[in-house]
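Participant: please find the sequence and the predicted model below.
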Amino acid sequence: MMIPRVDAYLPTSVKEMKILGWDSVDVVLFSGDAYVDHPSFGAAVIGRTLQAAGYRVAIVPQPNWQDDLRDFRKFGAPRLFFGVSAGAMDSMVNHYTAARRRRSDDAYTPGGRHGARPDYPTVVYSDILRRLFPGTPIIAGGIEASMRRLSHYDYWEDRLRPSLLIDCSADLISYGMGEKCVVEIAQHIDSGESLDSLTCLPQTVIRTSAPGMDCREGKIYVGDQDIVLHSYERCQADKRCQAENFRHIEQQSNSMHGKTLWQRHGDIWIKVNPMYPPMATEEIDASFDLPYTRLPHPRYKGKRIPAYDMIRHSVNIHRGCFGGCSFCTISAHQGKFIASRSKESVLREVRQVTRMDDFKGYLSDVGGPSANMYRLGGKDRSLCEKCLKPSCLHPSVCPNLNTDHRPLLDLYHAVDAVPGVKKSFIGSGVRYDLSMHHTGDEAVDR
C-alpha cells in the first residue's frame, strides 16, 4: 500500500513538526492507542477537528511512562492545553478479561502486543504532565473519562471509585463526543480566559465549590435545572444510593435538555454540565469530511494494528442508539438521539475507500451502533424533549418513533452503485425488533 507522506498526518515528533514549518504547537494530545488517522479513532478526530479550527496540534501515541518521560517532554508546554485520553476503550476492559485475567494482546497497538499503556492511562498521563508542566491546563476525554465522570463501580478492583477528577490531575473532563466541546475549550483559553471561568460549558465535568442548594444527606435534590446526587461517601456506605444516582445519570444522559448533576466528594464538589443538543447532519458531516488519510502513521512501518484491520474498509453512517440495552454504554457518551450523516457525505467516504490500494471491492461494514437506526427518531420532536426513557424500543416500540427504513435502503443502493464496490456488508448489527416493526403504513412496511 502506498503510504502518504509524513506531513499528511498530524505530527508525532519534533522532527515532523519542523517539516510542517512549526516551531511550537497549540495543543498536544496523548493517547493510549496507536495513531491511526481515521474517523473511528478518537485522537485523530479531535486532532483533525482542532486543526480545522486553525490550531496546531501534535499527537503523542502510547507514550512511555516508565523511562525518563522523554515522550511527555518532547513538545514542551503547548500554547493552550494538553489533551489526555486512555484511547478508544476503557483501559481496564482493554487489559483484562471478564474473569479479571490479564489479556495477552492489545488490538490498538502495532503488532497487537500488550503492555504499551498502563492501567488507568488518564490518571497516569495527567499526573505525569502535572508534575512536568504544573501551569499548563490538562483536559481529559475519551471513553475512560466519560464513563468515570461520577462515582462508579470498578469491576476489576471490586470497589466504588470516585469521579475520575478526584483520582487524576486533569483540570476538566470533556465527556461524550468531543468535537464541539474541545473547540470551545480551545477558543476560550485562546481568548485569555482561565479554566476556572469555564464552569458552565456543556459536556464538561469540573471540580468546584458547594452548589448552594439543598443537599441534605439521605435524599437526592431534584430542581428545575439541577440534581444533587448522593455523596460519594454515602454511596460507599449504601449501595442503594449508588443505584439511585445511576438512574439519574442515565436519564440525564438520554435527555434532550439535561440537567446539571452535582456530587460531593468530601470537601470537593463534582459538577457535570448537560450534554449538547444532538448533532445536526451538517455538524456530523463536517467531522467525517475532515482530511483523514484513513491509514496508520508511517512510524509503524506497516506493522499490523488489529483494531484498524477491522474498520479499514468500513464506513460509519450515524452516531447514537435508542436501544437502551443494559449491557451497553453508548447512550452514556453518544446519547439515544441519532445523528445521521448525509447521503452525500457517506458516498464521498465510500469513494475514498475504493481508491485504497488494498481495496478488493468489499465494504466490511456500512453501519453504526445499530445500523438500521439511520435517520430514525421521534415523529413529534416536542414529545422527545420531555422523554427520559433510555430505550425507544423496550418494552415495546414507542408509538412516536419513526421506523421508516427507506432512507437507509436508498443509501445502501447508492453505496452498492459506486464504481469499484462489489458488495457491502452490515457488520455492526441490525435491530430486528425495529426492522420488523409494522407501522400500518403500507408504503413504509412493504
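Facilitator: Great, that's in hand.
Participant: what's near enough to touch the closest residue to residue 405 other than its chain neighbours?
Facilitator: Nearest non-adjacent residue to residue 405, counting by Cβ to Cβ, 6 or more residues apart in numbering: residue 372, 6.1 Å away. For every residue, glycine as well, the C-beta is placed using N, CA and C. Contact analysis of residue 372 by Cβ atoms under 8 Å, 6 or more residues apart in numbering lists 405, 408, 430, 431, 434, 435.
Participant: residue 402 - how many residues pack around it?
Facilitator: 15 (other Cβ atoms under 10 Å).
Participant: and residue 113, by the same measure?
Facilitator: 11.
Participant: tell me the contacts of the residue nearest to it when sequence neighbours are not counted?
Facilitator: Using Cβ to Cβ, 6+ apart and skipping the chain neighbours, the partner closest in space to residue 113 is residue 106 (6.5 Å). Applying Cβ under 8 Å, 6+ apart, we find residue 106 in contact with 94, 95, 112, 113, 114, 115, 116, 117.
Participant: any idea how far stretch 55-65 is from the chain center?
Facilitator: 17 Å (Cα atoms, centre = their mean, to the nearest Å).
Participant: wait, stretch 189-199
Facilitator: 23 Å.
Participant: for it, buried residues please.
Facilitator: Using 16 or more other Cβ atoms under 10 Å as the test for burial, stretch 189-199 gives 189, 195, 198.
Participant: roughly how far does the first one sit from residue 119?
Facilitator: Using Cβ to Cβ, to the nearest Å, we find residue 189 at a distance of 30 Å from residue 119.
Participant: how about the last one?
Facilitator: Relative to residue 119, residue 198 is positioned 29 Å away (Cβ to Cβ).
Participant: leaving out chain neighbours, which residue sits closest to residue 70?
Facilitator: residue 64 (7.6 Å).
Participant: so that neighbour is in which element?
Facilitator: If you go by DSSP states H and E, residue 64 is not part of any helix or strand.
Participant: tell me how many other residues crowd it.
Facilitator: 13.
Participant: how many residues are close by the nearest residue to residue 316 once chain neighbours are set aside?
Facilitator: For residue 316, ignoring the flanking residues on the chain, the nearest one in space by Cβ to Cβ, 6+ apart is residue 368 at 5.7 Å. As a burial measure, residue 368 scores 25 neighbours (other Cβ under 10 Å).
Participant: okay, stretch 196-210 in PDB with CA atoms only?
Facilitator: Taking C-alpha atoms only, stretch 196-210 is exported to PDB below (Å, rounded to 0.1, in the frame of the first residue of the first chain):
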ATOM      1  CA  ASP A 196     -11.600  28.400  36.300                       C
ATOM      2  CA  SER A 197     -14.100  30.500  34.400                       C
ATOM      3  CA  LEU A 198     -15.400  27.600  32.300                       C
ATOM      4  CA  THR A 199     -17.900  26.500  34.800                       C
ATOM      5  CA  CYS A 200     -21.000  26.100  32.600                       C
ATOM      6  CA  LEU A 201     -19.600  24.700  29.300                       C
ATOM      7  CA  PRO A 202     -21.800  21.900  28.000                       C
ATOM      8  CA  GLN A 203     -20.500  18.400  28.200                       C
ATOM      9  CA  THR A 204     -17.800  19.200  30.700                       C
ATOM     10  CA  VAL A 205     -17.100  18.000  34.200                       C
ATOM     11  CA  ILE A 206     -15.300  20.300  36.700                       C
ATOM     12  CA  ARG A 207     -14.300  20.500  40.400                       C
ATOM     13  CA  THR A 208     -16.000  23.300  42.200                       C
ATOM     14  CA  SER A 209     -17.300  24.700  45.500                       C
ATOM     15  CA  ALA A 210     -20.600  23.800  47.100                       C
END
